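A.B. asks: can you look at this prediction? I've put the sequence above it.
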Amino acid sequence: MNTKSIILAGAFALGFASMARAATQYVYMTGSTAARNAFYLTIIDGATVFDATPTVVAQGNSDPSKATYHLFHGKIGGADTILKAHWSGSEGGISDITGSATETFLDDSAVSSSSSPGPFANSTVDLAAADNDKAYSRNPSAAITGTKVCIIPFIWVKEKGSAAGLLNVTDQTVRQALKGYAVLSQFTGNPADTTFVYVTGRDNQSGTRVNQFGDCGFGIFSSPFMVQIAANGSMIDQGGFGTYLGDYGYSSGGTVATQMGYDLSQPTAVDAANGTGVEKFSVIAYLGRSDANTAEANGATDLTCNGVAYSNAAIQQGLYNLWGNEYVYRRNTSTSQ
């Protein structure tokens with residue numbers, strides 16, 4: 001991802017230009033968690049967006065580049081500017097700037113924290129980062145204008161302790177698994193592999209989810225049947241009555257990456273959804289490249305997709321299709337100078 005793109009600075013300028021000149025300019029941004037790391041690095045580089053390295057307040061993660069909330073303070077074009085970000089997911093960001101709803105941002109008095117204690121303040125949203133064109137979203141007729149800033153790749157990974165022979169996913173096997181489960185032999189070609197493969201992933205506010213569901217042909221408006229896994233490797237009973245499968249998506253790719261490190265080889269990791277309670281199982285997930293790196297560090301493994309491994313060269317050559325265009329959107333009511 002080209003985080004130094006000059007176009008990104010132009011995209012931010014669209015939001016700034018709509019605001020009245022004051023002692024301090026405020027800009028409020030929501031959107032993509034998959035691209036959050038790239039935006040963070042671009043914003044703090046002291047050249048692409050701000051005139052110099054801004055001060056940063058980050059809450060929600062010990063790694064500031066993965067925080068849920070950011071407050072950046074510095075000068076842009078000589079004007080004192082505070083940029084506040086709440087990384088709510090691409091679809092959530094598009095929804096934020098489509099209507100008049102407010103989102104939660106850090107108050108000016110907030111300090112950095114690995115949790116999210118606030119204090120918080122609400123505001124309408126000026127800009128939204130999204131992993132997909134609005135035409136390829138849940139709000140295709142949104143009255144917003146986007147600037148394409150880069151591309152963002154996505155990766156399928158398998159959770160730590162999943163079947164060793166699970167190395168590749170295809171559009172067909174992904175579609176099947178999203179319906180609730182797929183038999184491992186569909187992935188490996190070995191009829192002796194009779195355990196099940198499940199999907200975990202993002203909620204419907206995610207552009208990562210939109211890209212994956214669209215690319216594999218499952219349908220961006222279709223509701224999946226996914227699982228969530230506890231730290232001991234057990235399937236989480238979502239309702240307390242043996243409900244393990246449903247549209248149980250996470251609000252952040254970072255949370256998915258954390259789950260990918262929960263070891264399914266533990267004795268407590270047994271198939272409670274479709275088995276008798278003793279069978280092992282595997283879990284796969286879709287992530288942006290940055291979150292996939294975190295998942296790998298936690299013990300997960302990258303999978304090839306349709307027989308092709310992720311690489312920048314494979315994307316450039318048209319061999320690897322799991323990627324999206326990253327946009328920064330503004331309301332059509334905003335004007336630029």
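C.D. replies: Arrived safely, thanks for sending. Quick caveat: nothing in here was measured; it's all calculated off a predicted structure.
A.B. asks: number of residues surrounding residue 309?
C.D. replies: When neighbours are defined as other C-beta atoms under 10 Å, residue 309 has 14 of them. Every C-beta, even on glycine, is put in place using the N, C-alpha and C of the backbone.
A.B. asks: just checking, it touches residue 302?
C.D. replies: Yes - using C-beta atoms under 8 Å, residue 309 makes contact with residue 302 at a distance of 7.3 Å.
A.B. asks: for the protein, what are the low-confidence residue spans?
C.D. replies: Regions of the chain meeting the criterion pLDDT under 70 cover residues 1-22, 333-337.
A.B. asks: quick one: the helices in it, in order.
C.D. replies: Per DSSP state H, the chain has helices spanning 6-17, 36-43, 90-98, 171-178, 185-188, 207-215, 253-259, 289-298, 312-316. These are given in chain order.
A.B. asks: export those to TSV and tack on mean neighbour count and distance to residue 325?
C.D. replies: Output for the helices of the chain, formatted as TSV (neighbours: other C-beta atoms under 10 Å; distance: least, C-beta to C-beta, whole Å):
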stretch	mean neighbour count	distance to residue 325
helix 6-17	18	12
helix 36-43	23	13
helix 90-98	27	11
helix 171-178	20	20
helix 185-188	18	29
helix 207-215	26	10
helix 253-259	24	18
helix 289-298	21	14
helix 312-316	13	12
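A.B. asks: same list (those helices) but as TSV, adding distance to residue 119.
C.D. replies: Output for the helices of the chain, formatted as TSV (distance: least, C-beta to C-beta, whole Å):
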stretch	distance to residue 119
helix 6-17	24
helix 36-43	22
helix 90-98	21
helix 171-178	39
helix 185-188	48
helix 207-215	29
helix 253-259	23
helix 289-298	28
helix 312-316	41
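A.B. asks: out of these, which gets nearest to residue 200?
C.D. replies: Closest approach to residue 200 among the helices of the chain is made by helix 253-259 (6.0 Å; C-beta to C-beta).
A.B. asks: from the contact counts, what lies against the closest one?
C.D. replies: Judged by 3 or more C-beta pairs under 8 Å, 6 or more residues apart in numbering; DSSP states H and E, the packing partners of helix 253-259 are strand 281-288, helix 289-298.
A.B. asks: could you dump those to CSV with distance to residue 166?
C.D. replies: Formatted as CSV, the helices and strands packed on helix 253-259 follow (distance: least, C-beta to C-beta, whole Å):
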stretch, distance to residue 166
strand 281-288, 5
helix 289-298, 15
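A.B. asks: on that earlier part again, what is in contact with residue 309 and residue 302 at once?
C.D. replies: Here residue 309 and residue 302 have no joint contacts, going by C-beta atoms under 8 Å, 6 or more residues apart in numbering.
A.B. asks: for residue 243, which of the helices and strands packed on helix 253-259 is the nearest?
C.D. replies: strand 281-288 (16.5 Å).
A.B. asks: so what strands line up beside that closest one?
C.D. replies: Applying DSSP bridges to the sheet, strand 281-288 is found paired with strand 144-158 (antiparallel), strand 196-200 (parallel).
A.B. asks: about what we covered before: of all the helices and strands packed on helix 253-259, which lies closest to residue 314?
C.D. replies: Closest of the helices and strands packed on helix 253-259 to residue 314 is helix 289-298, at 12.7 Å (criterion: C-beta to C-beta).
A.B. asks: and that closest one, what does it pack against?
C.D. replies: Judged by 3+ C-beta pairs under 8 Å, 6+ apart, the packing partners of helix 289-298 are helix 36-43, strand 144-158, helix 253-259.
A.B. asks: mind running it again at 7 Å?
C.D. replies: strand 144-158, helix 253-259 (3 or more C-beta pairs under 7 Å, 6 or more residues apart in numbering; DSSP states H and E).
A.B. asks: I'd like to know which of these is closest to residue 114.
C.D. replies: Nearest to residue 114 among the helices and strands packed on helix 289-298 is helix 253-259 (12.2 Å), distances taken as C-beta to C-beta.
A.B. asks: export that closest one to PDB, keeping only CA atoms.
C.D. replies: Taking Å, rounded to 0.1, in the frame of the first residue of the first chain, the C-alpha atoms of helix 253-259 are listed here in PDB:
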ATOM      1  CA  GLY A 253      -9.800  -6.800  12.000                       C
ATOM      2  CA  GLY A 254      -7.500  -6.600  15.000                       C
ATOM      3  CA  THR A 255      -9.900  -8.700  17.100                       C
ATOM      4  CA  VAL A 256     -10.100 -11.300  14.300                       C
ATOM      5  CA  ALA A 257      -6.300 -11.300  14.300                       C
ATOM      6  CA  THR A 258      -6.300 -11.900  18.000                       C
ATOM      7  CA  GLN A 259      -8.600 -14.900  17.700                       C
END
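A.B. asks: so how far is it from its chain's centroid?
C.D. replies: 9 Å (C-alpha atoms, centre = their mean, to the nearest Å).
A.B. asks: which residues does that helix contact?
C.D. replies: 33-34, 61, 66, 159, 200-202, 208, 228-229, 250, 285, 287-288, 291, 294-295, 298 (C-beta atoms under 7 Å, 6 or more residues apart in numbering).
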